[in-house]
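> just need the structure, nothing else, for what follows:
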Amino acid sequence: MNSLPMTEPEKLEGDTPTMRLFSLLEVIAERDHPFTLQNLVEETGLPKPTLHRMLQQLEGVGVLQRESDGRHYSTGVRLRRLASNLLINNTYHGSRRLVLRQLVEEVGESCNLTAFTGSEVVYLDRVETAAPLRFYLRPGSRVPAHCSSSGKLFLAQMTAAQRRRLLGHTQLTSFTNKTETDPVKLEKDLETVRRNGYAIDDEEFLPGLLCVAVLVPNPAGRSNLAVAIQAPIMRLTHDKALHFLPALQRAAQALAAIESETAHPATAYGS
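Presented below is the predicted three-dimensional model:
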């Protein structure tokens, strides 16, 4: 694993043990794969015994976990649960919901905001259509990445090596006769998603449900937010989903403005 280049040893910020642990977690959170004690020594410049003690503390409370080889560490269940709860209960909830409501009013179908956590897609918020026939997926619900529109967008952003690491330890369950479980064919599908800039779930997760999603732009790089429209196939065809793309992209831009705190959602959405 490559460490970050340093001209001199970089110390973790903080005057107290608690703040130094928090600073170490910030370093760890930037990694997208397991790491060793030596990796952190090279990256932070701190003595190995100090870092070893800090890792033991974090592992002891379930924030980190040791991999099967005994050398590598990765995020623990407790830290992943904390990250998910922060996403769901974000203080921007009211502004985000306003954008979703405006999108539902424009397209007439249920819309949701999702993020990627672990190997699944989690629903951060959802606004339902007034139409009598609908699918209920509440905030906090989790769906698989390989057969959901948002999930395919998140997967398409990754490098091939990152996807292999993730999907190699994830069972590609078949939920309908349209679910793609062949890794080679799925990789081709993801290439198309990356090229198009949107993804469609055509009854791949739930029979009778069609979804279309786009990423919420992130100027800093990879996005971990997606906005989607969902509806029964009797109301939302593939062609109609593509017709809704401009509205979906405007909503994504409005959500991006909220994330960067540069605009009010109502103004951004109406521009």
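> C-alpha only now, for contacts and for neighbours.
Noted.
> measure Ala29 to Ala247 for me?
33 Å (Cα to Cα, to the nearest Å).
> same question, Gln162
Going from Gln162 to Ala247 by Cα to Cα gives 31 Å.
> of Ala29 and Ala247, who's got more company?
Neighbour count, other Cα atoms under 10 Å: between Ala29 and Ala247, Ala247 has more, with 16 against 13.
> would you agree that one is in contact with Leu103?
Yes. At 7.0 Å, Ala247 and Leu103 qualify as touching, with contact defined as Cα atoms under 8 Å.
> three-state assignment of the residue positioned nearest the centre of the chain?
Nearest residue to the geometric centre of the chain (Cα atoms, centre = their mean): Phe116, 2.1 Å. On the three-state scheme (DSSP: H, G, I helix; E, B strand; the rest coil), Phe116 is labelled strand.
> next one: the one 5 residues further on
Of the three states, Val121 takes strand according to three-state DSSP.
> for the closest residue to Cys211 other than its chain neighbours, give its distance to Ile258.
What sits nearest to Cys211 in space, not counting adjacent residues and going by Cα to Cα, 6 or more residues apart in numbering, is Gln230, at 4.4 Å. In this view, Gln230 and Ile258 are 23 Å apart by Cα to Cα.
> okay, domains of the protein per the record?
Domain assignment for the chain, taken from automatic domain parsing, gives 17-75, 90-270.
> tell me, which of those domains is the model least confident about?
Mean pLDDT per stretch puts domain 17-75 lowest among these, at a mean of 80.
> secondary structure element holding Phe22?
Using DSSP states H and E, Phe22 sits within helix 17-29.
> returning to that earlier point: just list the residues touching the residue nearest to Cys211, thanks.
Taking Cα atoms under 8 Å, 6 or more residues apart in numbering, we find Gln230 in contact with 109-111, 209-212, 236.
> measure it to Asp201 for me?
9 Å.
> and what of Ala29?
Where Asp201 is concerned, Ala29 sits at a distance of 30 Å (Cα to Cα).
> which non-adjacent residue is nearest Pro232?
Among residues not flanking Pro232 along the chain, Leu209 sits closest, at 4.6 Å (Cα to Cα, 6+ apart).
> which residues in the stretch 51-200 of the chain form helices?
Ranges of helices within the stretch 51-200 of the chain are 77-88, 93-107, 149-157, 160-167, 183-196, based on DSSP state H, counting those that start in this stretch.
> which residues touch the residue nearest to Pro232?
When contacts are counted by Cα under 8 Å, 6+ apart, Leu209 touches 135, 201-203, 230-233.
> same deal with Val104?
By Cα under 8 Å, 6+ apart, the residues touching Val104 are 110-111, 127-129.
> could you rerun that using 10 Å?
98, 110-112, 126-130, 229, 247-248 (Cα atoms under 10 Å, 6 or more residues apart in numbering).
> for it, give its distance to Leu79.
From Val104 over to Leu79 (counting by Cα to Cα), the distance is 33 Å.
> so how far is stretch 36-46 from its chain's centroid?
Relative to the centre of its chain, stretch 36-46 is centred 27 Å away, using Cα atoms, centre = their mean, to the nearest Å.
> next, give phi and psi for Asp202.
Taking degrees, to the nearest 10, you get phi -100, psi 80 for the backbone angles of Asp202.
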